[in-house]
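# Return a 3D structure for these sequence lines:
(2 chains)
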Amino acid sequence: MKERVEKSVIESIKELYSLEPPPFKVEKPREEKYGDLSTNVAFLIAKKLHKKPQDIAMELAEHMSSSSGLGKVEAVGGFVNVKFSEELIREEFRKLLAEGEKYYRENLGRGKRVQIEFVSANPTGPLHLGHGRGAVVGDTLARLLEFFGFDVTREYYINDAGRQVYLLGVSIFYRYLQLFGREKERPDIEELFEKEGYKGEYVVELAKLLREAVGELLTEGKVGEAKERMLSYSYGFPLNYLPKLKGDSEVELCSAFGLDVMMDEIKRDLSDMGIEFDVWKSERSLYERGLVDKLIEELRRKGLVYEKEGALWLKTSEFGDDKDRVLIKSDGSYTYFASDIAYHWEKFQRGFEKVIDLWGADHHGYIPRVKASLKMLGIPEDWLEVYLVQMVRLIKEGREVKMSKRSGELVTLRELMDEVGPDAIRFVFLTKRSDTPLDFDVDRVKEKSSENPVFYVQYAHARISGVFREFRERFSEDPEKLKLTDKLDQLREEAEIKLMKKAIMMKDELVDVALRRDPHLITYALMDLSATFHNYYNHYRIIGVEEGKMLGRLALLMGVRNALRVGLKLIGVRAPEKM
RNA sequence: GGGCCCGUAGCUCAGAUGGAUAGAGCAGGGGAUUUCUAAUCCCCAGGUCGGAGGUUCGAGUCCUCCCGGGCCCGCCA
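Here you go, the predicted model:
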């Protein structure tokens, strides 16, 4: 609809003033009395034309009313307001009925290759709520861009190199020894565990699983034998790290084992949330392919690094960062920053035309240095978009729940999923902009009332399905098979026009959401449409009224159902037939 | 000390690129309903948009300063 108005405005301006209009706004006005869509274009060209905006608006409105076929066009205080005619609304709604989901699609992306990297949580512990939020936002963004014609790759970057993974191994080994009461025999392990180990309950579980596979072999230093046993043990999921293990210490064995188990668990958590990744990219593999070294070589060649105090520094400060950053520490090991740049460089080489990263908000200080380093590599500035995801607080009985039994600190995604299910989680995680903190009220989403937005929207869909069910029973005829597109003339009530309008105008909103990368607005559009529907449902009967009217109303509901389904599908929430 | 985000109704929040009398849900008050699901609907009340300046025809939105809250600022990962 927006497009139609835009077109008409441009044409009118050309005809009236032989002027190429500047970029102008077409948007939903604050209040309904100002019409359905409104434009500020008169303000923008007033200076150039040496005319008052009010006069321009009036001339435009007059021209547009007679030529556009949009409906009533009025000038109010310099704004040009369009109120769609019922004919136009029916025409669009007819298209919606005929095309179904396709009505909402548009090929904005034209196959442009976009990568969305999200979650990328360290595989050293279970996913917590913040990760879950990133997962939902990223997945919804991916769904949206796919819907609008982008070629989307969902990618998870696994930090499987470096110290954290080593510490995971230490922690598992320590807990394992503890199971046999023999942790005192390895004071080195004990000390490291006490200082930096992972203390969560899940590590004990890992240790128990390890014991099941190898018995007490590892308490006696029989690493080789233990490895054989672990490889032949049936865990019920594939092993990636254990078979490739090169080292032969207990800790390395435990690390590889821990990675395999944790990655499996993370994949399952995500999959149960309805999220599947196309690529699981291993940090370690970047090193193995020599990419990090190659990157440093490249930066050295460009003269962008220097040595200081035994470390290798990158001159990011010359490219917008507030200071230089270390790539290779004085002990010879690489920083995470080095592999992160290598990773983004690799993404660029893979041919993605646009890369979207979702990071935890605690990484915000990281953005300038990564952007600076990409600039150094000659990568265009708008190639990488980074969005931050803030933390989630869990609220129960009006109070914040801080501790998780499992992780020992933050509440895990799995725990919440078990309690409220993926639909509620996905919906609520999309009720606020991702870069602001979110409170998740567990009690609210368990309520079955209008206070619970998830149920409110799903219930709207279920109600429509209920009407169709009833129709099928009473008339032994499948409403899906009826040709209803020519029954729309029956819809004359104001509430019916309004409902049709909401359903067709959701398209503009979805396009906006995709372009703005603001997936949380989908939930608002859905709640708005649901409210309009519930309102209508309460005032009008569908079955039992005169036949023409009934069929018209069935058509109306069918279109609304389409809109609800598209919106729900985009946020990955089920559209139930019955509740 | 520097950086990022936030401050809008009692509460939780929408208000992208400056536009019309600042919106919604919940809570509060009042009402509806022989139903295709009452898991719903309607009405009322509620605001110095943290404060002060500035830019503009026009500022919740942009700029400066201040106040309040959160997060970050390693040769950590």
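# Verify the stated contact: residue A:95 with residue A:103.
Yes: contact criterion Cβ atoms under 8 Å: residue A:95 and residue A:103 qualify, at 5.9 Å. The way it works is simple: take the backbone N, C-alpha and C, and place the C-beta from them, glycine included.
# Please say which of those two ends up with more neighbours.
Neighbours were counted for residue A:95 and for residue A:103 using other Cβ atoms under 10 Å; residue A:103 has more, 21 against 14.
# Next, see if the helix or strand that contains residue A:258 gets close to RNA strand B.
Per DSSP states H and E: residue A:258 is located in helix A:250-272. No: using Cβ under 7 Å from any atom of the strand, helix A:250-272 stays clear of RNA strand B, with a minimum separation of 11.4 Å.
# longest helix in chain A, by residue count?
Counting residues, the longest helix in chain A under DSSP state H turns out to be helix A:547-571.
# Go through that one and flag the buried ones.
Neighbour counts using 16 or more other Cβ atoms under 10 Å place A:549-568, A:570-571 of helix A:547-571 among the buried residues.
# got the residues of the stretch 301-450 of chain A near RNA strand B?
The stretch 301-450 of chain A comes close to RNA strand B at residues A:308-311, A:322, A:325-326, A:329-331, A:333, A:335-337, A:361-366, A:388, A:390, A:431-433, A:435-439, A:448-450, as judged by Cβ under 7 Å from any atom of the strand.
# Give me the buried entries from these.
A:325-326, A:335, A:337, A:361, A:366, A:388, A:390, A:432-433, A:438.
# Could you save these as CSV and add columns showing pLDDT, distance to residue A:530 and secondary structure?
Formatted as CSV, those follow (pLDDT from 0 to 100; distance: Cβ to Cβ, whole Å; DSSP: H, G, I helix; E, B strand; the rest coil):
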residue, pLDDT, distance to residue A:530, secondary structure
A:325, 92, 49, strand
A:326, 93, 53, strand
A:335, 91, 49, coil
A:337, 92, 46, helix
A:361, 82, 31, helix
A:366, 87, 39, helix
A:388, 86, 30, strand
A:390, 85, 27, coil
A:432, 84, 18, coil
A:433, 83, 21, coil
A:438, 84, 21, strand
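# how near is residue A:509 to residue A:34?
According to Cβ to Cβ, to the nearest Å, residue A:509 stands 18 Å off from residue A:34.
# So for those two, which sits in the more crowded spot?
Set residue A:509 next to residue A:34 and count neighbours by other Cβ under 10 Å: residue A:509 wins out with 21 against 17.
# which residues sit in contact with the spatially closest residue to the more buried one that is not a sequence neighbour?
In this structure, residue A:509 finds its nearest non-sequential neighbour in residue A:525, 4.7 Å apart by Cβ to Cβ, 6 or more residues apart in numbering. By Cβ atoms under 8 Å, 6 or more residues apart in numbering, the contact set of residue A:525 is A:506, A:509-510, A:513, A:567.
# And the pLDDT at residue A:525?
With respect to pLDDT, residue A:525 scores 87.
# does it count as helix, strand or coil?
The local conformation at residue A:525, judged by DSSP: H, G, I helix; E, B strand; the rest coil, is helix.
# cool, residue A:287 as well?
Relying on three-state DSSP, one would call residue A:287 helix.
# Pull the number of nearby residues for it.
Counted with other Cβ under 10 Å, residue A:287 comes out at 17.
# Who are the contact partners of it?
Taking Cβ under 8 Å, 6+ apart as the criterion, residue A:287 is in contact with A:161, A:334, A:339.
# For the second one, give the beta-bridge partners.
What that stands for is residue A:334. Applying DSSP bridges to residue A:334 gives these bridge partners: residue A:328.
# who's in contact with it?
A:287, A:292, A:327-328.
# Over to the first one?
Neighbour list for residue A:161: A:283-284, A:287, A:339 [criterion: Cβ under 8 Å, 6+ apart].
# wait, is residue A:303 part of a helix?
No: counting by three-state DSSP, residue A:303 is not part of a helix but coil.
# pLDDT score assigned to it?
Residue A:303 carries a pLDDT value of 93.
# So what's the residue count around residue A:396?
Applying other Cβ under 10 Å, I find that residue A:396 has 13 neighbouring residues.
# correct me, but it touches residue A:442?
Yes: when contacts are counted by Cβ under 8 Å, residue A:396 is listed as touching residue A:442 (4.9 Å).
# how about stretch A:60-69: buried residues?
Buried residues in stretch A:60-69, counted by 16+ other Cβ under 10 Å: A:60-61, A:63-64, A:68.
# which residue packs closest to residue A:190, ignoring adjacent ones?
Closest residue to residue A:190 apart from its sequence neighbours, by Cβ to Cβ, 6+ apart: residue A:183 at 5.5 Å.
# which ones are touching that neighbour?
Taking Cβ under 8 Å, 6+ apart, one finds A:174, A:177, A:189-190 in contact with residue A:183.
# rewinding a little: please check the contacts of residue A:161 and keep the buried ones.
By neighbour count, with 16+ other Cβ under 10 Å, the contacts of residue A:161 hold A:283-284, A:287, A:339 as buried.
# Quick check: the farthest pair among those residues?
Pairwise distances across the buried ones among the contacts of residue A:161 peak at 9.2 Å for A:284 and A:339 (criterion: Cβ to Cβ).
# near RNA strand B, which residues of the stretch 151-300 of chain A show up?
Neighbours of RNA strand B within the stretch 151-300 of chain A, by Cβ under 7 Å from any atom of the strand: A:159, A:162-165.
# For residue A:441, grab the count of nearby residues.
Count around residue A:441 with other Cβ under 10 Å applied: 17.
# Which residues does it form beta bridges with?
For residue A:441, the beta-bridge assignment (DSSP bridges) gives partners residue A:395.
# Below-threshold pLDDT in chain A: ranges please.
Applying pLDDT under 70 to chain A flags residues A:31, A:68, A:448-451.
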